[in-house]
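# With the input below, show me the fold.
(2 chains)
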Amino acid sequence: MSALIEAKDLVKLYRMGDETVHALDGVNFTIPKGEYCAIVGPSGSGKSTLMNILGGLDTPTEGRIVIAGNDIGEMNDDDLALFRNETVGFVFQSFNLLPRLTALENVELPMIYGGVLPKERHERAAELLHRVGLGERMGHRPTQLSGGQQQRVAIARALSGKPALLLADEPTGALDTNTGTEILGLFNQLNQEGATVVLVTHDHDVARATRRTIEMRDGKIVADHPNNRETRHDAYV
Amino acid sequence: MMRTSDLVASAGRALRANPMRSALTALGVIIGVASVVAMVALGSGAQAQVERSIASLGSNLLIVVPGSQRGGGGVRMQAGGGQGWDTLTLDDAAAIAQLEGVAVVAPSQRARTQVVANGLNWNPQVEGVTPGYLTARDWEISQGRMFDDTEERQARRVVVLGNTVAEELFPNMEPVGQSVRMNGGAYEVIGVLESKGQSGFGMDQDDIVLAPLTTVKRRISGRRGRGDSVSQISVKAESEDVLNRLQEDVENLLRQRHRTREGEDDFTVQNLSSITETAAQTTQVFTYLLGGISAVSLLVGGIGIMNIMLVSVTERTREIGLRKALGARQSDILHQFGLEAVTLSVAGGIIGLVIGVAGAWGMTTLFNLPLVVSPLNAGLAIAFSGVVGVVFGAYPAWRAARLDPIEALRRE
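Residues are numbered from 1 along each chain as shown, chains lettered A, B, ... in the order given. Below you'll find the model as predicted:
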């Protein structure tokens, strides 16, 4: 398996008044294509900063990170926008669906910025909604859907650009346990179909549903180990 | 890269999401454009009216009146009677007629007297004129005929009535063939003049009775009207090109005849085309003034757009963050919000144009002015509202485009 993500000596500094905060303090890791891994850590550990850099929303202060051939630190604003559109699919804790758009239109949104023609957009969005099990609810607005259904729409949206990397930030954080389990099951299924999935979470139970855990604390990686079959939470398999 | 049709659809959707707010925001521009359009149309109408009514006095016309025009500022239309006002004579008129480029010379004597007919009386201007007067003043007869040179020479008791006088004295009958009494004598009505309406100076030009010059001098004017003096000489030039030259020639001729030096003239030559020009310029300044004042309301409308767009950007911060996370470039967001502002203002501009034209129509009808709406002005109004949208939408759109997606997504 070739490496999809290669991070070397990543440092991210923030200025908070007079103090300089090391959000990332020399982070090294490699994630191969087809990986299903979790980045875990308490708040303030730097996992959100790392996720923002992985998603092309932020750039490192020092070090080098290459994702699917894109050197994030070397990209300008438009390059990063294109990268977010084509290479990454975001799934957020609070779904972030636009309330005035239907499920179908929400899934189409990234493709609008990708310049995809309307007909092609509709077809792909419909196909994706079928794939996440919402084929019957394409015309519903987010308020007419349950939390789990909204997150499925968000996952369909994340997949619309055929991204090399699916990036999920606490995807089960706003859901009850059963629904969360279903969503993790969906990620598992997508991974088995070939998607590279990175979950960011503070919940070790959620992390155990993946195949590999990268644990962070105070801007550093403190543990990086595979989750073997036995320790993986049964419910999530 | 967003496709243009998607951009338009997105702006339309955003504006429809808050119809009341969009309508109120556009209202500022609607009022601004409507008032600019209405005011400029009203001003142009007034201008056209002034030009038209001055032109109605006669084209290529010089009017020579006794007395000097002091200071060069004011224009005296009425001069006649009084000491020192009898410096113009019939001989002056005859001499002017010899000048090159003169088409018609028409001396006239003005008087005021009561005109009685049918037990009704009226107090119009009575003008003693030669038949050439109608040519000089571009005036037509609508009924009957004008008196001829013979009748003029013989001081016949005939009159041609202005439209107002005819209507006042003969409300329900044909005036031609009737008779009127002036100064105790009976005069036969042989014709009625076509209506000219108000002059540019607010006088009713139709409130007039034309009689042969000799008749007026002998029978109607008081003592001062007797003799050779006339109260006015109308000089029609052959063409507009010679008008200014002719004005100088007339002035030089009369100075020679009256033995006066420049600056001590006892007469004034009024050039109607220069009066027209001055009056047109005055009303044009007035038009600009009105337009400028209403442009201020357009400015206020623009500020309203900016205000609402800023509120909208703040409210939709999270949405903007999401759009950026999904791959919207800064320029996509800039265009999206900019287009919303421009759509608001151009829509407001179009509605404002319609309302403005309607308002201008109402006002010009009320004030009895011609309605002047040029396609250029209409186009300018729309274009200007578009500019307002771009100018006042630019800053909010720029703010939106520059939002940090991480911060924006964190916002509740």
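
# Which residue ranges of the stretch 151-300 of chain B form strands?
Assigned strands in the stretch 151-300 of chain B, in chain order: B:158-161, B:179-182, B:185-193, B:208-212, B:232-237, B:267-271 (criterion: DSSP state E, counting those that start in this stretch).

# nearest to B:Glu127, of the ones you listed?
strand B:208-212 (5.4 Å; CB to CB). C-beta coordinates here come from the backbone N, C-alpha and C atoms, glycine included.

# returning to what we had before: return the member of the strands of the stretch 151-300 of chain B having the minimum mean pLDDT.
Across the strands of the stretch 151-300 of chain B, strand B:267-271 has the smallest mean pLDDT, namely a mean of 86.

# my guess is B:Met39 contacts B:Ile293, does it?
Yes - A contact is recorded between B:Met39 and B:Ile293 when judged using CB atoms under 8 Å, the distance being 7.3 Å.

# Contacts made by stretch A:38-47 with the rest, please.
Residues external to stretch A:38-47 that are found in contact with it (CB atoms under 8 Å, 6 or more residues apart in numbering or on different chains): A:12, A:23-25, A:27, A:50-51, A:198-204, A:206-210, A:212-220.

# Name only those of these that count as buried.
Burial by neighbour count, 16 or more other CB atoms under 10 Å in any protein chain shown: within these this picks out A:12, A:23-25, A:27, A:50-51, A:198-202, A:206-210, A:212-216, A:219-220.

# Return the subset of the residues you listed lying in helices.
Within the buried ones among the contacts of stretch A:38-47, membership in helices is found for A:50-51, A:206-208, as judged by DSSP state H.

# Close to chain B: what parts of chain A are there?
For chain A, the residues in contact with chain B (CB under 8 Å from any CB of the partner chain) are A:52, A:55, A:57-58, A:77-78, A:81-82, A:84-86, A:90, A:92, A:96, A:98, A:100, A:109-110, A:112-115, A:117-118, A:157, A:161.

# In helices, which of those fall?
When these are checked against helices using DSSP H, the ones located there are A:52, A:77-78, A:81-82, A:84-86, A:109-110, A:112-113, A:118, A:157.

# Tell me where chain B has helices.
Along chain B, counting by DSSP H, helices occupy B:4-17, B:19-55, B:90-97, B:132-136, B:149-153, B:163-169, B:213-215, B:243-258, B:272-315, B:317-325, B:330-367, B:375-402, B:405-410.

# Output those helices in CSV, with mean neighbour count appended to each entry.
As requested, the helices of chain B are exported to CSV (neighbours: other CB atoms under 10 Å in any protein chain shown):
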stretch, mean neighbour count
helix B:4-17, 15
helix B:19-55, 22
helix B:90-97, 18
helix B:132-136, 22
helix B:149-153, 15
helix B:163-169, 22
helix B:213-215, 22
helix B:243-258, 17
helix B:272-315, 17
helix B:317-325, 23
helix B:330-367, 21
helix B:375-402, 19
helix B:405-410, 18
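
# Let's have these in CSV, adding mean pLDDT and distance to chain A.
Supplementary listing: the helices of chain B in CSV, determined by pLDDT from 0 to 100; distance: least, CB to the nearest CB, whole Å:
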stretch, mean pLDDT, distance to chain A
helix B:4-17, 90, 5
helix B:19-55, 87, 13
helix B:90-97, 89, 81
helix B:132-136, 89, 73
helix B:149-153, 88, 85
helix B:163-169, 89, 67
helix B:213-215, 89, 84
helix B:243-258, 89, 66
helix B:272-315, 87, 12
helix B:317-325, 95, 5
helix B:330-367, 92, 6
helix B:375-402, 91, 10
helix B:405-410, 91, 5
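
# Which among the ones you listed is found nearest to A:Met16?
For the helices of chain B, distance to A:Met16 was read as CB to CB. The smallest value, 14.2 Å, belongs to helix B:405-410.

# I'd assumed A:Ala168 was in a strand, is it?
Yes - the assignment for A:Ala168 (DSSP: H, G, I helix; E, B strand; the rest coil) places it in a strand.

# quick one, what contacts it?
Residues in contact with A:Ala168, defined by CB under 8 Å, 6+ apart, are A:90-91, A:158, A:187, A:197-200.

# Return the subset of the contacts of stretch A:38-47 lying in strands.
Secondary structure assignment by DSSP state E places A:12, A:23-25, A:27, A:198-201, A:212-217, A:220 of these in strands.

# so B:Gly348 makes contact with B:Ala26?
Yes - at 3.8 Å, B:Gly348 counts as touching B:Ala26 under the criterion of CB under 8 Å.

# residues touching the closest residue to chain A within chain B, list them.
At 2.4 Å from chain A, B:Gly327 is the closest residue in chain B, using CB to the nearest CB. With CB under 8 Å, 6+ apart as the criterion, the residues that contact B:Gly327 are A:81-82, A:84-86, A:110, A:113-114, A:161.
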